[in-house]
Structures are given as C-alpha cells and as structure tokens.
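Asker: model this:
(one chain, ligands or ions: 2)
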Amino acid sequence: MAVYTEIGDGELQAFLKDYELGTLLAFKGIAEGVENSNYLLHTDAGFYILTLYERRVKAEDLPFFLSLLEHLAARGIVCPTPLKGRDGVALRELGGRPAAIFSFLDGMWVRRPQTVHCAELGRALAQMHEAGRDFPMHRANALTVADWRPLHERAYEAASEPDESLHAFLSDELDFLENNWPKDLPSGVIHADLFPDNVFFLGDALSGLIDFYFACNDFFAYDLAICLNAWCFEPETTFNVTKAHALLSAYEKSRPLTQEEREVLPILARGGALRFLLTRLYDWNTTPPGAFVTRKDPGEFVRKLRFHRSVRSSSEYGFDL
Ligand SMILES: Nc1ncnc2c1ncn2[C@@H]1O[C@H](COP(=O)(O)OP(=O)(O)O)[C@@H](O)[C@H]1O
Ligand SMILES: N[C@@H](CCOP(=O)(O)O)C(=O)O
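Answerer: Numbering: from 1, shown residues only. Ligands and ions are numbered 1, 2, ... in the order given. This next block holds a predicted model:
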C-alpha cells in the first residue's frame, strides 16, 4: 500500500481549520498508488482526497502540477481540482510533507480494459492534449531518453543478483533508442503515466483522469505510445490490435496524427516500454523487504518491449483495420 506518512486525527483536524470543508467525520489511508500518500477524507461537506507528496515528486514541480490540474479542469477535463484554503493557497504542508486537498472523482478504474474503454481513453487523451495547448507553464520530461541509461545503471548496481543477460539486452535497446529517438514531433503537455489505474469509469463511460505527477512537455504521440503499452496488451502479453485500433482511431477523431508521428510510433512504443521497465526494475531492486508498497513487475515490460522490437511497420498497431 502507499501511505508513507501517517497523519493523526488531531493533526488533520487542525489542518482542516484552514479550509472551508466542514467538519471531519472520518478519514482513511488509500492503499493504491506508489508515489504519494493519499487519504480519503469524509467531512459533512462531502468527500475529498488529501495528498502528501513523497519520494520522486520534487517540491519545485508542484506548482506546475497543481496549476495544470486547475487549467485542465477549467477546460472541461474531469481531473482532481486543487482546493484552496481560506487564504487562497492550495499547496500547504502537513506531517512535514507538501500537501494539498483535491476534489473527489466518482468512478472506478477498470482491471481488464475492453475495446470500449480503449476508445474512451483515446478520446479523452486527445481532449487533454488539446486542453493543455495554452497552458503557460513548462516542465521538461525528467524520464526521457537521456535519463534512461543512468537509471538502467543505477537499477543494475542495486540488484542483489544482477541479471547479466537483461543488462546486455537493455544496453542494446538503449543504443538503438539513443540513436533513433525523434527530435521534433507535435508536442505539448502530456500525462505520461495514463495507465488503467489512473483512469476512472462509471459503467463504460470515462469519468475522470487522475495522477498527473509525471505530466510534462513532450511529444503527444509518446503519450499515445504509453497508452498502447498500458491498455492494449492482454495479461499474457499478446498485443490486441482491436483495442489499439479503438484507441488510435478515437484519438485521431480529435487530433489526427501526422505521417511522421505514425511512422515513429514503434520507436516511441519501445521507449515507452523501456521507461516503465526501468522504473519498475529500479523499484524492484531497491524496495526493502516488508515495505508498505506493492512492487510492479518489470518482466511485463520486457515482454512488451520484445513485441515492439518485432514490429516492422506502424500499420501493425491497427491504424487501418
Ligand atoms: N481525486 C481523486 N478522486 C478519487 N480517488 C482518488 C483521487 N485521487 C486519488 N484517488 C485514489 O487514490 C489512489 C492513488 O492515487 P494516485 O494519484 O494514483 O497515487 P500515486 O501518485 O501515489 O500513484 C487512486 O487509485 C484512487 O483510488
Ligand atoms: N504506472 C507505473 C507506476 C506509477 O504508478 P502510479 O500508481 O503513480 O500510476 C507502472 O505501472 O509502472
């Protein structure tokens, strides 16, 4: 589970005095998530999410994330909206951590996304990209191609039983990606972690997007590649072209891809797979036994990466089914 910072009853009640959110009735830590500590708050005014920022989230990035959420929400994207205290300030401190309270989103994430969910995702992703176009702040992607080799080496050095063949495979992949990563594609604010657990549904209808803490400025098509990886493989890691077609065609209804974006999609998908493989591998090798967080399997992304390496043309992603 992910509650790294424990908050006491009295401490939370004192914190809430700076807001107009009513009287606290109950609160509980939320088990899901890996980056931050999240609590569900129930007050007599409703439900809210309290987030305490931990680990990889840098304090200097928080104004970008909170302003982005406000910006997107103002343009009709359903996402957590930061709530301001009586003094007009949303970003505060609790338990020694930067902290903020957000609107609660209805819905549940889907454990086994179906084609209909992929289509909903494609539509929402394109809308989010369009809504972010006039966002004035900028955040460079801190986990892009230049960052992957150092992360790979750190993960390898941290392993108690280093896997030499995996190290060689990933080094080879890094050689390829460093030499072939696109330099210039349509860009803007991307979510960069839009996995099924960050997308809520009510029935088959998408009801909200959460967890923007990797959001940054990068290629729009890279965000799409991350989604192909996260949504369009079956559990045994076969690629589902029907789901990919649904995702891509729904996306293209709002923002058609350029020819170049289509052509480089296999490279972006390889990069997207490697990026999550590496953070999972690093976490796998560095998370102490007994830690209150569930490690995610890096092997899943080794298999996805192998699939993308076998792709000869982007048509294999189902553009023209
Ligand atoms: N605004 C929200 N409304 C409803 N639930 C939320 C909201 N934000 C977070 N959650 C809940 O908290 C969990 C963890 O949130 P997430 O942002 O993914 O955490 P982390 O940044 O630690 O990965 C989500 O799976 C969801 O259950
Ligand atoms: N989506 C990433 C891990 C980041 O976790 P999140 O809970 O912040 O979405 C992965 O699957 O490796």
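Asker: And residue 32, how far from ligand 1?
Answerer: 4 Å (CB to the nearest ligand atom, to the nearest Å). For every residue, glycine as well, the C-beta is placed using N, CA and C.
Asker: In this structure that residue contacts residue 2, no?
Answerer: Yes. Counting by CB atoms under 8 Å, residue 32 touches residue 2, with 6.9 Å between them.
Asker: the more surrounded of those two?
Answerer: residue 2 (19 against 11; other CB atoms under 10 Å).
Asker: all strands for the stretch 1-150 of the chain, in order.
Answerer: 24-29, 37-43, 46-52, 82-83, 92-94, 97-103 (DSSP state E, counting those that start in this stretch).
Asker: what angle do the first one and strand 37-43 make?
Answerer: Strand 24-29 runs at 160 degrees relative to strand 37-43, counting by axes from the mean of the first three to the mean of the last three CA atoms, to 10 degrees.
Asker: Tell me the strands beside strand 24-29, with direction?
Answerer: strand 37-43 (antiparallel) (DSSP bridges).
Asker: One more: the fourth one?
Answerer: For strand 82-83, the paired strands and their directions (DSSP bridges) read strand 97-103 (antiparallel).
Asker: pLDDT on the partner strand, on average?
Answerer: Across strand 97-103, pLDDT averages out at 97.
Asker: what does stretch 160-172 give?
Answerer: For stretch 160-172, mean pLDDT is 96.
Asker: now swap in stretch 227-247 and tell me
Answerer: Mean predicted lDDT for stretch 227-247 stands at 97.
Asker: related to what we said a few turns ago, so which of the strands of the stretch 1-150 of the chain is nearest residue 134?
Answerer: Residue 134 lies closest to strand 82-83 among these, at 18.9 Å (CB to CB).
Asker: hmm, that closest one in reach of ligand 1?
Answerer: No. Using CB under 6 Å from any ligand atom, we find that strand 82-83 stays clear of ligand 1, coming within 10.1 Å at best.
Asker: How about residues contacting that strand?
Answerer: By CB atoms under 8 Å, 6 or more residues apart in numbering, the residues outside strand 82-83 that reach it are 19, 21, 48, 66, 69, 70, 90, 91, 100, 101, 102, 103.
Asker: quick one, strands of the stretch 151-300 of the chain?
Answerer: Under DSSP E, counting those that start in this stretch, the stretch 151-300 of the chain gives strands at 187-190, 199-202, 205-209, 216-219.
Asker: between these, which gets nearest to ligand 2?
Answerer: strand 199-202 (10.2 Å; CB to the nearest ligand atom).
Asker: Name the surrounding residues that touch that closest one.
Answerer: With CB under 8 Å, 6+ apart as the criterion, strand 199-202 contacts 105-110, 117, 120-121, 124, 206-210.
Asker: Keep only those of these that are in helices.
Answerer: Counted as lying in helices by DSSP state H, out of the contacts of strand 199-202, are 117, 120, 121, 124.
Asker: The longest helix along the chain packs against which elements?
Answerer: Of all the segments of type helix in the chain, defined by DSSP H, the longest one is helix 259-286. Helices and strands touching helix 259-286, by 3 or more CB pairs under 8 Å, 6 or more residues apart in numbering; DSSP states H and E, are helix 145-158, helix 164-180, helix 220-231, helix 299-310.
Asker: residues near the residue of the chain found nearest ligand 1, how many?
Answerer: Residue nearest to ligand 1 within the chain: residue 33 (2.6 Å; CB to the nearest ligand atom). Using other CB under 10 Å, residue 33 has 20 neighbouring residues.
Asker: Was I right to think it contacts residue 211?
Answerer: Yes. The pair residue 33 / residue 211 is scored as a contact, 7.2 Å apart, by CB under 8 Å.
Asker: which residues do those two both contact?
Answerer: With CB under 8 Å, 6+ apart as the test, residue 33 and residue 211 both reach residue 197.
Asker: give the contact list for the residue nearest the centre of the chain.
Answerer: By CA atoms, centre = their mean, the mean C-alpha position of the chain lies nearest to residue 193, the distance being 1.9 Å. If you count contacts by CB under 8 Å, 6+ apart, residue 193 has them with 211, 213, 214, 226.
Asker: which of the strands of the stretch 1-150 of the chain is buried the deepest?
Answerer: strand 97-103 (a mean of 21; mean count of other CB atoms under 10 Å).
Asker: Can you work out which residues contact both of residue 32 and residue 2?
Answerer: In contact with both residue 32 and residue 2: residue 38, using CB under 8 Å, 6+ apart.
Asker: Give me the pLDDT for the residue of the chain closest to ligand 1.
Answerer: For residue 33, the model assigns a pLDDT of 78.
Asker: Leaving aside the residues adjacent along the chain, what's closest to it?
Answerer: residue 2 (4.3 Å; CB to CB, 6 or more residues apart in numbering).
Asker: again with residue 109
Answerer: Counting by CB to CB, 6+ apart, the residue nearest residue 109 is residue 197, at 4.8 Å.
Asker: What about the one you found, how many residues nearby?
Answerer: Based on other CB under 10 Å, the number of other residues close to residue 197 is 16.
Asker: Quick check on the residue nearest to the centre of the chain: phi, psi?
Answerer: In terms of degrees, to the nearest 10, the main-chain angles of residue 193 are phi -160, psi 40.
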